[in-house]
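Colleague: What would the 3D arrangement of this be:
(one chain, ligands or ions: 1)
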Amino acid sequence: MSNVLEKIMQTKRGEIDRARQQTSEESLREQLNSAPPVRDFVQALRNASNVGLIAEVKKASPSAGLIRADFDPVQIAQTYESNGANCLSVLTDEQYFQGHLDFLKAVRQAVQIPVLRKEFILDRYQIIEARAAGADSILLIAECLPQEQLADLYGYSVELGMEPLIELYEPENLDRVLSLNPKLVGVNNRNLKTFKTDLEHSFRLRKQVPTDVVFVSESGIKTHSDVQRLVEANVQAMLVGESLMRQPDIGVAVQQLLGTKSPISLKSSILFTSHILLSPLQEPLVTETHQDVEHVLVVPTLLFHELGHFQGFSDDMDRYLKTLLDPMHTSYLPRNEMEEDPSYKQLIPYCIFRHEGKIFYYRRGGTSGESRLKKKRSIGIGGHISSIDSHAESVYREGMRREIEEEVDLASAYTEECVGMINDDETEVGRVHLGVVHVFELESAKVHPREESIQETGFATPDELRQELDDFETWSQICLKELLV
Ligand SMILES: O=C(O)c1ccccc1NCC(=O)[C@H](O)[C@H](O)COP(=O)(O)O
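Modeller: You can find the predicted model right below:
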């Protein structure tokens with residue numbers, strides 16, 4: 001068993017003892033009389049038109065720390081429900097997940113869909129607590145429970161009307177779980193020794209679970225393309241927490257995950273039109289959420305590969321951009337994690353300023369910005385699209401506008417064209433980013449640095465810049481070799 005699970009179980013035993021001292025099992029059982037009737041958790045998942053969604057109300061976790069600071073469990077639960085969740089899971093563990101049994105009680109009263117108590121259940125006492133608080137189902141984790149205890153807790157929960165979700169991670173536990181004839185089996189994709197999640201874990205075990213048992217894939221589900229993979233593998237339901245809880249707009253996030261949000265019409269946005277003037281600059285809104293950690297717009301690398309992997313420059317934007325910028329595929333995830341995670345690509349507008357054939361250049365300096373590119377010369381201005389841009393109708397364009405405005409004073413009229421994409425899997429930075437190249441034709445050479453990171457600026461012809469090619473960051477080298485010829 002993993003250390004974290006052992007630690008949680010140790011804490012739980014102490015909590016259960018203390019709770020018993022406060023309220024005896026007998027008087028707790030009396031509270032069952034006033035509990036609301038059980039809602040059918042299994043049927044709610046079976047009724048789902050696609051993969052059933054158990055949306056998790058989760059403030060924090062051992063693997064992620066604080067996930068959402070502005071945490072209102074009832075409001076989150078109602079948002080989940082009104083955007084298509086079939087069931088809810090509410091964390092009630094206080095020490096490790098910052099949950100509470102009161103959250104479950106309040107949520108259950110505020111929604112119409114079934115609610116699961118997400119807890120590390122080791123004792124019948126917790127099952128009574130769950131039902132008394134209104135729970136319609138509970139979680140039982142095979143790794144925490146020897147078979148006799150698992151069977152006892154399973155039977156007791158069913159006796160109280162709640163079909164439990166039995167979860168396992170270790171394949172060796174599957175047979176003993178199935179021997180109980182459960183209606184619901186969950187496979188956790190999170191390895192609790194490394195905290196890494198891998199959907200393949202569900203796919204491998206799916207084949208060993210009879211199809212009349214509702215198979216729930218749990219943890220690490222982030223995008224609609226993950227959901228499509230679950231559909232292909234005949235997974236009937238999914239338990240999703242962190243990736244939804246991290247989004248500024250949880251309702252939109254649920255719709256994007258389920259694929260029910262109609263994609264924004266990029267045709268009507270100005271992204272694909274050539275030679276247009278940018279709209280007047282507006283003050284960006286700063287949302288209060290996630291101020292502590294920057295969340296950046298990312299797309300799954302797998303999606304980029306499905307569309308057609310290339311190394312270097314591609315002018316085939318039609319093939320990539322519409323799909324990559326479809327909100328169904330984008331997420332806002334913590335930048336510090338994304339910088340190390342090649343399973344995602346951070347989308348970066350890379351803006352080249354040209355005046356009478358000469359290109360604006362600069363050297364990256366100062367203390368802010370990507371440390372791996374420090375001291376390199378560059379011909380691209382731009383940066384991450386972040387969750388603070390998400391209020392805008394065209395999030396991508398808002399992020400591009402904001403980045404330009406932060407970095408330089410562009411005091412010239414211009415026309416702008418989106419000309420292609422850059423992918424560079426040969427460098428550490430390139431592996432986790434994908435560039436979208438825009439060329440700005442300026443009426444005058446008026447580009448002035450606003451940040452200390454923009455140093456040694458000037459305009460030069462591509463030929464002149466190519467003579468010092470090695471001095472430039474790889475994305476600029478790619479543009480000088482493949483675009484500006
Ligand atoms: O999430 C954790 O860090 C964690 C650590 C230790 C034990 C259990 C843990 N997670 C419980 C879960 O099963 C997830 O909350 C649930 O599957 C949702 O996962 P996610 O969508 O990745 O938040």
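Colleague: Residue of the stretch 1-150 of the chain closest to the ligand, please.
Modeller: Per C-beta to the nearest ligand atom, Ser63 is where the stretch 1-150 of the chain lies closest to the ligand, at 3.1 Å. Placement of C-beta: from N, CA and C, glycine included.
Colleague: Just to check, Met421 is in contact with Gly312?
Modeller: No - using C-beta atoms under 8 Å, Met421 is not in contact with Gly312; the gap is 9.7 Å.
Colleague: Between those two, which is the more surrounded one?
Modeller: Neighbours were counted for Met421 and for Gly312 using other C-beta atoms under 10 Å; Met421 has more, 23 against 18.
Colleague: name the element that one belongs to?
Modeller: Using DSSP states H and E, Met421 falls within strand 414-423.
Colleague: repeat for Asn50
Modeller: Under the criterion DSSP H and E, no helix or strand holds Asn50.
Colleague: Likewise for Arg13?
Modeller: helix 3-22.
Colleague: helix or strand right after that helix?
Modeller: For helix 3-22, the following helix or strand on the C-terminal side (DSSP H and E) is helix 25-30.
Colleague: can you pull the alpha-carbon coordinates of that next one into CSV?
Modeller: Provided in CSV are the C-alpha atoms of helix 25-30 (Å, rounded to 0.1, in the frame of the first residue of the first chain):
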residue,chain,number,x,y,z
GLU,A,25,-23.3,4.5,16.9
GLU,A,26,-26.7,3.9,18.3
SER,A,27,-27.8,7.6,18.4
LEU,A,28,-26.2,8.1,14.9
ARG,A,29,-28.4,5.3,13.7
GLU,A,30,-31.4,7.1,14.9
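Colleague: What's the mean pLDDT across the next helix-or-strand element following that helix?
Modeller: On the C-terminal side of helix 25-30, the closest following helix or strand by DSSP H and E is helix 41-46. Average pLDDT, helix 41-46: 97.
Colleague: residues contacting the residue lying closest to Leu324 once chain neighbours are set aside?
Modeller: In this structure, Leu324 finds its nearest non-sequential neighbour in Val299, 5.0 Å apart by C-beta to C-beta, 6 or more residues apart in numbering. Applying C-beta atoms under 8 Å, 6 or more residues apart in numbering, we find Val299 in contact with Leu324, His329, Thr330, Ser331, Tyr344, Lys345, Leu347, Leu434.
Colleague: Out of those residues, which end up buried?
Modeller: By neighbour count, with 16 or more other C-beta atoms under 10 Å, those hold Leu324, His329, Thr330, Ser331, Tyr344, Lys345, Leu347, Leu434 as buried.
Colleague: where's Lys322, which helix or strand?
Modeller: Using DSSP H and E, Lys322 sits within helix 317-324.
Colleague: Show me the helices in the stretch 201-350 of the chain, by range?
Modeller: Ranges of helices in the stretch 201-350 of the chain, per DSSP state H, counting those that start in this stretch, are 224-232, 242-245, 250-258, 301-308, 317-324, 335-338.
Colleague: Now render those helices as CSV, adding distance to Arg397.
Modeller: CSV is the format used below for the helices of the stretch 201-350 of the chain (distance: least, C-beta to C-beta, whole Å):
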stretch, distance to Arg397
helix 224-232, 22
helix 242-245, 25
helix 250-258, 18
helix 301-308, 20
helix 317-324, 12
helix 335-338, 20
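Colleague: so which of those gets nearest Phe472?
Modeller: Phe472 lies closest to helix 317-324 among the helices of the stretch 201-350 of the chain, at 22.9 Å (C-beta to C-beta).
Colleague: Next, the angle from the closest one to helix 301-308.
Modeller: Orientation check (axes from the mean of the first three to the mean of the last three C-alpha atoms, to 10 degrees): helix 317-324 against helix 301-308 gives 150 degrees.
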